[in-house]
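Enquirer: no FASTA, just this:
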Ligand SMILES: Nc1ncnc2c1ncn2[C@@H]1O[C@H](COP(=O)(O)OP(=O)(O)OP(=O)(O)O)[C@@H](O)[C@H]1O
């Protein structure tokens with residue numbers, strides 16, 4: 001069990017500063033997810049925590065002990081990467097046991113730990129197979145199993161699902177969530193650029209932007225109260241609709257943001273009018289894309305099958321209390337708690 005403290009962590013590669021003063025506390029047993037666009041420094045921050053890169057300045061502590069200069073093997077961490085990096089000529093069992101054998105653990109202890117990890121990851125039937133005889137998802141589970149047997153205090157994941165196809169991603173994501181529940185003393189830090197993974201796995205999400213923390217909070221806090229256009233646009237699928245110009249000035253804002261589920265097709269009234277340009281049926285819901293005179297079409301969620309086809313003119317209303325307001329710098333001005341007209 002480890003609690004992490006990051007204080008004004010900075011990292012430069014030559015003259016190029018990549019991490020620009022990151023401070024946060026990660027609680028013991030917490031599942032923390034780092035998200036952000038490509039190049040914002042997620043992997044670098046994870047590698048600094050792992051000890052695979054040297055911290056330029058700032059302090060990193062595990063349970064109150066500064067670990068800046070501890071080598072990775074002394075930090076009690078285990079890391080799972082995007083590429084599973086299994087030894088191709090070793091069986092699943094051997095791949096999982098190898099690190100422990102190197103560390104001089106006894107044969108019985110190795111077997112017991114591998115069997116327990118295999119059980120947790122539903123790999124027991126595959127222990128004698130070679131990696132090439134496994135699916136991508138099974139290989140990634142072996143890589144996770146190899147990390148589990150080390151009994152780490154902190155588990156680090158760097159985009160572990162990005163090589164898997166859509167169905168396997170979902171299955172392995174569920175597996176990781178289950179794993180965290182069953183290893184409730186293990187702190188987990190997980191890097192992804194996939195906001196669905198972040199929302200479904202995290203106790204808290206840290207949104208990084210250009211080497212700095214933009215916002216940290218529970219998935220719901222970030223979804224309901226994003227502190228900037230950046231976070232609002234990053235968290236949630238489909239992306240939040242942003243309207244500016246007269247749409248926003250009617251609400252004393254530079255930009256307003258509305259989620260698809262907070263817009264309603266309202267034939268009886270409606271605040272704005274638009275033309276349907278496209279609609280997507282997802283089975284339980286539909287997304288209707290409307291041209292209301294903004295740069296990008298506005299997406300409105302309708303439950304069930306959409307009753308509105310391309311070319312049709314409809315009127316829409318925002319849900320009361322769900323209009324996110326932002327200033328010219330993209331900072332949140334809070335939500336509007338009453339329905340207005342533009
Ligand atoms: N060893 C290195 N030497 C020089 N620059 C580096 C090095 N490692 C990373 N960088 C740079 O640091 C920046 C952040 O990289 P990092 O891999 O941490 O981003 P990321 O948010 O994980 O991106 P992605 O989602 O694309 O993996 C990038 O501009 C990258 O080019």
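Expert: Okay, I see it. As the structure is a computational prediction, the values presented were derived from the model and not from experiment.
Enquirer: what kind of secondary structure is the closest residue to residue 137 other than its chain neighbours in?
Expert: Nearest non-adjacent residue to residue 137, counting by CB to CB, 6 or more residues apart in numbering: residue 168, 3.9 Å away. Every C-beta, even on glycine, is put in place using the N, C-alpha and C of the backbone. Three-state assignment for residue 168 (DSSP: H, G, I helix; E, B strand; the rest coil): helix.
Enquirer: Got the confidence number for residue 168?
Expert: The model reports residue 168 with a pLDDT of 80.
Enquirer: what's the burial count for it?
Expert: Using other CB atoms under 10 Å, the number of residues around residue 168 comes to 17.
Enquirer: just residue 218 next, same as before
Expert: For residue 218, the neighbour count with other CB under 10 Å is 13.
Enquirer: contacting residues for it?
Expert: By CB atoms under 8 Å, 6 or more residues apart in numbering, the residues touching residue 218 are 202, 203, 204, 205.
Enquirer: could you redo the last one with a cut-off of 10 Å?
Expert: Residues in contact with residue 218 (CB atoms under 10 Å, 6 or more residues apart in numbering) are 199, 202, 203, 204, 205, 224.
Enquirer: so the fifth one sits in a helix?
Expert: When you say that, I think you mean residue 205. No. Secondary structure assignment (three-state DSSP) places residue 205 in strand, not in a helix.
Enquirer: what's the closest residue to the ligand within the stretch 51-200 of the chain in contact with, if anything?
Expert: Across the stretch 51-200 of the chain, no residue is closer to the ligand than residue 193, which sits at 4.8 Å (CB to the nearest ligand atom). Contact analysis of residue 193 by CB under 10 Å, 6+ apart lists 34, 35, 36, 37, 38, 40, 42, 159, 162, 234.
Enquirer: Farthest pair within those residues?
Expert: Based on CB to CB, the longest span within the contacts of residue 193 runs between 162 and 234 and measures 17.2 Å.
Enquirer: Which of the two has more residues huddled nearby?
Expert: When residue 162 and residue 234 are compared for neighbours, residue 234 comes out ahead with 23 against 14, by other CB under 10 Å.
Enquirer: quick one: the more buried one and the ligand, what's the gap?
Expert: Separation of residue 234 from the ligand (CB to the nearest ligand atom, to the nearest Å) stands at 13 Å.
Enquirer: thinking again about what came up before, hmm, the residue nearest to residue 137 is touching residue 136, no?
Expert: Yes. Between residue 168 and residue 136 there is a contact at 6.2 Å, judged by CB atoms under 10 Å.
Enquirer: Find the residues that touch each one of those two.
Expert: In contact with both residue 168 and residue 136: residue 161, using CB under 10 Å, 6+ apart.
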